[in-house]
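Participant: Provided below for reference: sequence and predicted model.
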Amino acid sequence: MASWPTDRIRISMSAAHRGVVGGGWPARDELLDYAGPTASARPSFQNFLRRVTAGQTPGYPRYRSRLRYDVLTWSGSWLIEDRRLALPGIGHLKVKWHRGLPTAGSRRIVTVRRHADRWYACMVLSIPVPLHRKTATGPTVGVDLGIQNFAALSMGELIPGPRAFRTSSKRLRTAQRRVSRRVQGSRRRQKAGLVVARLHDRIRNIRRNHAHQLSRRLTSEFALIAVEDLVLRDLAGGIIAKDVHDQAWGQFLRLLGYKAEDAGVQVVRVAPARTSKVCSGCGTSVVKPLSE
């Protein structure tokens, strides 16, 4: 994913909404590339018509203000030139590249999204997949997810969790109280709300970075990874819901799955009963509190 400075994209996005490109109007084929609005509205009206047909409360799609529309999508006619992103109707944009694009891929879709007043571009490429999948060889490991520690590996290693929300809770609480003291609709409330959004964005990035690094490490070192077949929806609604969300188990398991498939590593889901109490080395059952 690539990102670039907010002030640059603000100017460009306002020009795109006006339709100005180099002092003129974009061509018809360029206008057709703005697939975001129609792609977002189509499922809303499809669901509305389905509810009308079924005799349910229809719920007509609500109008969304332009100030709340944060996504634009192009399909096909965008380019990468001199490490700049060229978008129809906008022009060439400076980009902070997270990593280089694969040279073997062909361009498909680019989505420009605003999050916490920062703009990001997510690019979809079509990459040929080799006919013969590689198969990894190496040791086997069991991963026991937990609260006090993010995970305990079967060889005895304890992996600490990000605890991003717990460590940022004091700053977040102060920022949220500042928002509640501001007058609704005022510029000061908008600025205070942006501080809260930036804190939540930082929490999300810490969790995602931890999940990426740990999943990459496991798929690089082991050929078979055994994980618990947890029902995260039930755990995320219980008394440990806040800690379950803070550890981001679901994100880690999702990233582990696709990285293991790409690396030829086998991921096996086992029944979670007594996996945290039975020692993987000697088989002794140890009673533990729920927090462990």
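Facilitator: On my side now, so go ahead. Numbering: from 1, shown residues only.

Participant: all helices of this protein, in order?
Facilitator: Listed in chain order, the helices found in the chain under DSSP state H are 6-18, 28-32, 36-53, 164-181, 187-221, 232-235, 241-247, 249-263.

Participant: How about the shortest one, which residues are buried there?
Facilitator: When you say that, I think you mean helix 232-235. By neighbour count on 16 or more other CB atoms under 10 Å, the buried set for helix 232-235 is L235. Using the backbone N, CA and C atoms, a C-beta is placed for each residue, glycine as well.

Participant: That helix packs against which elements?
Facilitator: If you count contacts as 3 or more CB pairs under 8 Å, 6 or more residues apart in numbering; DSSP states H and E, helix 232-235 packs onto helix 241-247.

Participant: Repeat that for the longest one.
Facilitator: Counting contacts by 3+ CB pairs under 8 Å, 6+ apart, helix 187-221 packs against strand 140-145, helix 164-181, helix 249-263.

Participant: how about it: buried residues?
Facilitator: 189, 192-193, 195-196, 199-200, 203-204, 206-208, 210-211, 214-215, 218-219.

Participant: cool, the last one as well?
Facilitator: Of the residues in helix 249-263, those scored as buried under the neighbour-count criterion (16+ other CB under 10 Å) are 249-253, 255-257, 259-260, 263.

Participant: sorry, back to before: in JSON lines: the helices of the chain, plus distance to R83 and mean pLDDT.
Facilitator: Formatted as JSON lines, the helices of the chain follow (distance: least, CB to CB, whole Å; pLDDT from 0 to 100):
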{"stretch": "helix 6-18", "distance to R83": "14", "mean pLDDT": "39"}
{"stretch": "helix 28-32", "distance to R83": "22", "mean pLDDT": "46"}
{"stretch": "helix 36-53", "distance to R83": "24", "mean pLDDT": "83"}
{"stretch": "helix 164-181", "distance to R83": "31", "mean pLDDT": "94"}
{"stretch": "helix 187-221", "distance to R83": "23", "mean pLDDT": "94"}
{"stretch": "helix 232-235", "distance to R83": "40", "mean pLDDT": "82"}
{"stretch": "helix 241-247", "distance to R83": "37", "mean pLDDT": "88"}
{"stretch": "helix 249-263", "distance to R83": "26", "mean pLDDT": "91"}
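
Participant: Those helices: which one's closest to T135?
Facilitator: With respect to T135, and counting by CB to CB, the nearest of the helices of the chain is helix 249-263 at 9.5 Å.

Participant: ok and that closest one relative to helix 187-221, angle-wise?
Facilitator: Angle, helix 249-263 to helix 187-221, by axes from the mean of the first three to the mean of the last three CA atoms, to 10 degrees: 40 degrees.

Participant: can you state the direction angle for helix 249-263 and strand 140-145?
Facilitator: Using the same axes, to 10 degrees: helix 249-263 against strand 140-145 is 160 degrees.

Participant: Which among the helices of the chain is found nearest to S154?
Facilitator: Nearest to S154 among these is helix 187-221; the distance by CB to CB comes to 11.6 Å.

Participant: got a list of what A39 touches?
Facilitator: A39 sits next to T73 when contact means CB atoms under 8 Å, 6 or more residues apart in numbering.

Participant: Among the buried residues of helix 249-263, which one sits closest to L101?
Facilitator: For the buried residues of helix 249-263, the nearest to L101 is K259 (18.9 Å; CB to CB).

Participant: Just confirm that closest one contacts Q213, I think it does.
Facilitator: No - between K259 and Q213 there is no contact under CB atoms under 8 Å: 11.1 Å.

Participant: how about the nearest residue to the most centrally placed residue in the chain, chain neighbours excluded?
Facilitator: By CA atoms, centre = their mean, the chain has its centre lying nearest to R208, at 7.4 Å. Setting aside the residues directly before and after it, R208 is nearest to Q251 in space (CB to CB, 6 or more residues apart in numbering), at 6.6 Å.

Participant: how far away is that neighbour from T57?
Facilitator: 34 Å (CB to CB, to the nearest Å).

Participant: the strands in the stretch 51-200 of the chain, which residues?
Facilitator: 71-75, 79-81, 84-87, 91-94, 106-115, 118-126, 140-145, 151-153, 158-159 (DSSP state E, counting those that start in this stretch).
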